[in-house]
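> show me the folded form of this:
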Amino acid sequence: MSRCAGQPHPLFGGALSAAFPHSAKDTSELREIPDNQEVFAHEHTDQSLIVELVEYQDQVADQDAARYHFEDIAGSNKALEPGAFEVTSVVPLSKSELSLSDCSSAWMLTGTQCVSKFNEEARNTVTLHLGLFRLPQFSTDVLISFNDPQRISPESSSAASAETHREPWTVQDFQRLLQTLTLHNPGLFG
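Prediction:
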């Protein structure tokens, strides 16, 4: 998909769409992606964006749900040991500024995780911006993750791209993606 910034891009067969930033490449063209995810990588940096449909966690209060999913991602990234992850902010998103107004609430979390790529020993420090849209009526939470590497280990397979940060994505690009996420077909949720 490398397309102009701001153009809505269909997700999950057109059931959702959002405006992605410049240089976003659909990684399903390169590797297999689970059916509940859409994954995009920046063409010139090691940044990535992931749109994921996960089960709604009704036992988790709205204000705690972003942290719950962040910690779940930390577990998947094997970043749960003390000091390997930190939440720096969790803020509600105003529904009046969102295209996806069907959500019961929306949140943006910012934090860091020390992760390794492809099960390597080398650990990279990544700022993780997480957008969460709660859709209890569909038993679904929509997660959008923006992985923004801050420190890449010289031993990491990502080290080669660390020096080529041409026009990286910004938090503003991510916020625009969150604001433009639109539901076109609720049948996506079953």
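> work out which residue lies at the spatial centre of this protein.
residue 145 (1.1 Å; Cα atoms, centre = their mean).
> bridge partners for it, pull those for me.
Beta-bridge partners recorded for residue 145 (DSSP bridges): residue 50, residue 130.
> that one reaches residue 128, doesn't it?
Yes. If you go by Cβ atoms under 8 Å, residue 145 and residue 128 touch, sitting 6.2 Å apart. Bear in mind the C-beta positions are built from the backbone N, C-alpha and C, glycine included.
> who touches both of those two?
Listed contacts common to residue 145 and residue 128 are residue 73; contacts here mean Cβ atoms under 8 Å, 6 or more residues apart in numbering.
> roughly how far apart are residue 72 and residue 10?
Using Cβ to Cβ, to the nearest Å, residue 72 is found at 27 Å from residue 10.
> let me fix that, I meant to ask about residue 64.
From residue 64 to residue 10 the distance is 32 Å (Cβ to Cβ).
> now stretch 44-60, how far from the centre of its chain.
Centroid displacement of stretch 44-60 relative to its chain, using Cα atoms, centre = their mean, to the nearest Å, is 5 Å.
> got the end-to-end distance for it?
37 Å (Cα to Cα, to the nearest Å).
> and that stretch, which residues are buried?
Buried positions in stretch 44-60, judged by neighbour count with 16 or more other Cβ atoms under 10 Å: 45-53, 56-57.
> next one: stretch 179-190
Of all the residues in stretch 179-190, those buried under the rule 16+ other Cβ under 10 Å are 179-183, 188-189.
> one more: stretch 132-150?
Applying 16+ other Cβ under 10 Å to stretch 132-150 flags 132-135, 138, 140-149 as buried.
> dump the residue contacts of residue 148.
Neighbours of residue 148 in contact, by Cβ under 8 Å, 6+ apart: 47, 126-129, 168-169.
> mind redoing it with 10 Å?
42, 45-49, 110, 112, 126-129, 168-171, 174 (Cβ atoms under 10 Å, 6 or more residues apart in numbering).
> and if you look at residue 187?
Residue 187 neighbours (Cβ under 10 Å, 6+ apart): residue 15.
> and it, that one's in a helix?
Yes. Assigned with DSSP: H, G, I helix; E, B strand; the rest coil, residue 187 falls within a helix.
> how far away is it from residue 133?
17 Å.
> fine by me, thanks again.
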